[in-house]
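Student: structure of the sequence below:
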Amino acid sequence: MLYTLLIYAAEERVEAQSREVLDESLAGHGRLQEKAKADGAFILANRLMSTATAGSFRHGPVEGAVLDGPFAETKEQLLGLYVMDCKTREQAMEYARMIPMPFGGCIEVRPIGYYEGPDDRADGKSLSFRGD
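Tutor: Below you'll find the model as predicted:
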C-alpha cells in the first residue's frame, strides 16, 4: 500500500537552525532514503518551498479566486513529504520515526488512495478508486 509521510513544522523554527543542524538533518534524510530504497519502499521525497511562494485557489463565494499564500490556519506548515510503498502501517511509521526533526513538528502518516483510469485497468473499464 502507498503511504504519504507529511512533514509539518513551523517554518520560522527551521529557518532559525544553524547550518550544522540543517546539514545533519539532511544527512538523516539521506540515511532514510538509502534504507527505504534498499527495502524497495522508496517512491519519492519532496521538500516544499516556503509558504511565501505559495498561492491558493479557493472554492466558495468568490468562485475561482486565486490568492497569495497558503492561508492554512495552523502554527505549523507542510514542509515536505515522502511517498513510500509499505507492506504495513507499522513499516510506514518506522520510516516516519527516521525523519529528522531537530526543530520540532510532526509527521502525519496517511495511506494513499488513487484512481485507475481505463489505460491502467486490465479490464478496460472506466475510472475506479483504489484505496486498498
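Student: would you map the strands across this protein?
Tutor: Applying DSSP state E to the chain gives strands spanning 2-9, 42-47, 55-58, 65-68, 77-85, 106-111, 114-116, 128-130.
Student: for the residue minimising distance to the centre of the chain, list each beta-bridge partner.
Tutor: By CA atoms, centre = their mean, the chain has its centre lying nearest to residue 81, at 2.1 Å. Beta-bridge pairing for residue 81 (DSSP bridges): residue 6, residue 46.
Student: how many residues are close by residue 4?
Tutor: As a burial measure, residue 4 scores 17 neighbours (other CB atoms under 10 Å). C-beta here means a position set from N, CA and C on the backbone, and glycine is covered the same way.
Student: tell me which residues touch it, please.
Tutor: 81, 82, 83, 84, 108, 109, 110, 112 (CB atoms under 8 Å, 6 or more residues apart in numbering).
Student: likewise residue 29?
Tutor: Residue 29 sits in contact with 45, 99, 100, where contact means CB under 8 Å, 6+ apart.
Student: contacts only, for the residue nearest to the last one when sequence neighbours are not counted.
Tutor: Meaning residue 100. Once flanking residues are discounted, residue 100 sits nearest to residue 28: 3.4 Å by CB to CB, 6 or more residues apart in numbering. Shown in contact with residue 28 (CB under 8 Å, 6+ apart): 98, 99, 100.
Student: got the residues you listed as CSV, with neighbour count columns?
Tutor: Shown next, in CSV, are the contacts of residue 28 (neighbours: other CB atoms under 10 Å):
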residue, neighbour count
98, 17
99, 18
100, 16
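Student: quick check: mean pLDDT of the longest helix seen in the chain?
Tutor: When the chain is parsed with DSSP state H, its longest helix is helix 19-39. For helix 19-39, mean pLDDT rounds to 97.
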